[in-house]
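Enquirer: the amino acid sequence is not available; the structure is as follows:
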């Protein structure tokens, strides 16, 4: 490292980004981190709206060292980010979307956290502007978050601070074959293979902007692209985490966030051909990666929908979706011992239908504004404790001295 090495390389992939690009770049220039401690690498991905010209103009007058690259349109965000990463010199790299902008102290706070904690990924609190944004992971600032028990797995966008040396050492890059979900794959790999994740939650570092023209990349593309994204993320998790509670905790992300929306109310409006194709795409994913531990971490409605897909019960799935769309609420049923709770969605108790266990409450639910808690003995946390007790008993049994035989 030399004295001229910047702390942060801000990589901006830009396509048809005007006028949002103006505030984006101004937010980099306004950082409390000194200009000489940063660099901007902007990749114009074949824009025709003046984005490329504005990047050149800004580079000519900003005090922040800046490099502009122009290329033909690549069709997605992966290629521009990879180009920027290849040119970056900073100790850290931050992938800033051209529609979004920083809080003024963002980079200073995130760099300080990464240096203090020695972690390879730093998450800065993000809020939505004219759009929603994840919230569950911003409850507290932590130097080292546990990937398996915290909510950080639910924020896999690329807008994070990454230690560049680690990305280079691991040979990481955005998958240019994925047209959606490429950031989730990249970020989860950094979570799994890097040296820890920090969270800066006491300051708004990042503003996610919803474009007025609706041209947000995550809203475009065929539904089949979502299956490609889910498949890639499941394969990554399975490659790095062996079967068990930890894998189950991570698999909630691709199943509940990526796959499940394809079997939501939108399915009621789609043709039989689309429904059939979706079921075919999802079936092998459920066959390969579905587990009882994963099922127990989902809400009843989520679990039911996925079980219907796994077993090819399209008619039953549609009945459940109509029930939900009509605003109906399931009856809470207490049945069996020790006091198990069930939500009586359509076909509960039907002979030949899904088993009662598919309807069992295992996580906190909200029904009609009423909080429904899973019995302690049925919760995922209780399951983990039971598995841990069994493991400890097994270890004690293995280590227990054997009696010496009196026979000679």
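Expert: Ah, there it is. Quick caveat: nothing in here was measured; it's all calculated off a predicted structure.
Enquirer: helices of this structure, start to end?
Expert: In the chain, the helices defined using DSSP state H lie at 20-29, 51-61, 78-87, 106-117, 164-169, 182-193, 223-240, 245-252, 266-269, 272-289, 292-295, 300-310, 314-325, 380-399.
Enquirer: which residues are contacting the second one?
Expert: Counting contacts by C-beta atoms under 8 Å, 6 or more residues apart in numbering, the residues outside helix 51-61 that touch it are 14-18, 21-22, 25, 40, 42, 44, 66-68, 70, 98. Yep, even glycine has a C-beta here, placed from its N, CA and C like the rest.
Enquirer: for that helix, which positions count as buried?
Expert: 51, 52, 54, 55, 58, 59 (16 or more other C-beta atoms under 10 Å).
Enquirer: just send those residues back as JSON lines, with pLDDT and distance to residue 290 too.
Expert: Shown next, in JSON lines, are those (pLDDT from 0 to 100; distance: C-beta to C-beta, whole Å):
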{"residue": "51", "pLDDT": "98", "distance to residue 290": "44"}
{"residue": "52", "pLDDT": "97", "distance to residue 290": "47"}
{"residue": "54", "pLDDT": "98", "distance to residue 290": "48"}
{"residue": "55", "pLDDT": "98", "distance to residue 290": "46"}
{"residue": "58", "pLDDT": "98", "distance to residue 290": "49"}
{"residue": "59", "pLDDT": "98", "distance to residue 290": "50"}
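Enquirer: tell me which two in those are the farthest apart.
Expert: 51 and 59 (12.7 Å; C-beta to C-beta).
Enquirer: coming back round to it: closest one to residue 332 among the helices of the chain?
Expert: helix 300-310 (10.3 Å).
Enquirer: give me the mean pLDDT for that closest one.
Expert: The pLDDT scores in helix 300-310 average 97.
Enquirer: same thing with stretch 169-183?
Expert: 96.
Enquirer: got the end-to-end distance for it?
Expert: One end of stretch 169-183 to the other measures 19 Å (C-alpha to C-alpha, to the nearest Å).
Enquirer: can you offset everything so residue one is 47?
Expert: New numbering, starting at 47: the last item is stretch 215-229.
Enquirer: how near is residue 312 to residue 161?
Expert: Look at residue 312 and residue 161: by C-beta to C-beta, to the nearest Å, they are 45 Å apart.
Enquirer: likewise for residue 308?
Expert: 41 Å.
Enquirer: with residue 284 instead?
Expert: From residue 284 over to residue 161 (counting by C-beta to C-beta), the distance is 33 Å.
Enquirer: likewise residue 65?
Expert: 35 Å.
Enquirer: the more surrounded of the two?
Expert: Taking neighbours as other C-beta atoms under 10 Å, residue 65 and residue 161 compare with residue 161 leading, 14 against 11.
Enquirer: quick one: low-confidence parts of the stretch 97-246 of the chain?
Expert: Regions of the stretch 97-246 of the chain meeting the criterion pLDDT under 70 are absent.
Enquirer: gap between the residue positioned nearest the centre of the chain and residue 296?
Expert: Geometric centre of the chain, nearest residue: residue 202, 3.5 Å, by C-alpha atoms, centre = their mean. Between residue 202 and residue 296 the computed distance is 11 Å (C-beta to C-beta).
Enquirer: returning to what we had before: let's have the helices of the chain in JSON lines, adding distance to residue 412.
Expert: Formatted as JSON lines, the helices of the chain follow (distance: least, C-beta to C-beta, whole Å):
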{"stretch": "helix 66-75", "distance to residue 412": "36"}
{"stretch": "helix 97-107", "distance to residue 412": "44"}
{"stretch": "helix 124-133", "distance to residue 412": "38"}
{"stretch": "helix 152-163", "distance to residue 412": "34"}
{"stretch": "helix 210-215", "distance to residue 412": "40"}
{"stretch": "helix 228-239", "distance to residue 412": "27"}
{"stretch": "helix 269-286", "distance to residue 412": "26"}
{"stretch": "helix 291-298", "distance to residue 412": "18"}
{"stretch": "helix 312-315", "distance to residue 412": "22"}
{"stretch": "helix 318-335", "distance to residue 412": "26"}
{"stretch": "helix 338-341", "distance to residue 412": "19"}
{"stretch": "helix 346-356", "distance to residue 412": "11"}
{"stretch": "helix 360-371", "distance to residue 412": "13"}
{"stretch": "helix 426-445", "distance to residue 412": "18"}
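Enquirer: among those, which is nearest residue 417?
Expert: Of all the helices of the chain, helix 346-356 comes closest under C-beta to C-beta, at 14.2 Å.
Enquirer: so what secondary structure elements neighbour that closest one?
Expert: For helix 346-356, the contact count by 3 or more C-beta pairs under 8 Å, 6 or more residues apart in numbering; DSSP states H and E identifies helix 318-335, helix 338-341, helix 360-371, strand 386-390 as packing neighbours.
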